[in-house]
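> Model the following, please.
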Amino acid sequence: MLNKADLFAAELGRLAEQAKALSHPARLEILNILAVQDTCICGELVDALPLSQASVSRHLRTLKDAGLIQGTVDGPRSCYCVDREAVESLGVQLNQFFDGVLVAAPAGKCC
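Residues are numbered from 1 along each chain as shown. Sure thing, here's the model as predicted:
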């Protein structure tokens, strides 16, 4: 069965996937915490957030699946960090996308 997202350019699909991963305030806060601490044990994240262990784990999985963080599992301890190259690349792509939208959109002309 064809996924409608497959009808669009692959780079738009990847951009949308990463933007969707950022669409929850908990995930933005997780990125902030990881950026400040550089690396983090999952338990420390749970202590820093008003969420359950299961919720934090789901948010970490979403960020990892989007390629925005890296993580390793060592027994009961999971260690995560920001993927700096991926986050930098996403910032550049988002800026390019919105610059293109602003260039194409006529200024001051709307319904």
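
> For this protein, give me the ranges with low pLDDT.
1, 38-39, 73-76 (pLDDT under 70).

> all helices for the chain, in order.
Ranges of helices in the chain, per DSSP state H, are 10-21, 25-37, 42-48, 53-65, 84-104.

> Dump these into CSV; add mean neighbour count as well.
Every residue, glycine included, has its C-beta placed from N, CA and C. As requested, the helices of the chain are exported to CSV (neighbours: other C-beta atoms under 10 Å):
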stretch, mean neighbour count
helix 10-21, 14
helix 25-37, 16
helix 42-48, 15
helix 53-65, 16
helix 84-104, 12
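
> of the ones you listed, which approaches C110 most closely?
helix 84-104 (13.6 Å; C-beta to C-beta).

> what residues does that closest one touch?
E11, L15, Q18, A19, L31, G67, L68 (C-beta atoms under 8 Å, 6 or more residues apart in numbering).

> Run through the bridge partners of C81.
Q70 (DSSP bridges).

> gap between it and L45?
Per C-beta to C-beta, to the nearest Å, C81 is found 12 Å from L45.

> Which residues are in contact with each of these two?
Going by C-beta under 8 Å, 6+ apart, residues that sit against C81 and also against L45 are L34.

> sorry, back to before: so which of the contacts of helix 84-104 comes closest to H59?
L31 (10.0 Å).

> what's that closest one in contact with, if anything?
L22, L63, L68, I69, V82, V87.

> Mind picking the two most distant members of these?
Top of the distance list for those (C-beta to C-beta): L22 and V82, 12.5 Å.

> what sits in contact with each of those two?
L31, L68.

> more neighbours, those two?
V82 (23 against 17; other C-beta atoms under 10 Å).
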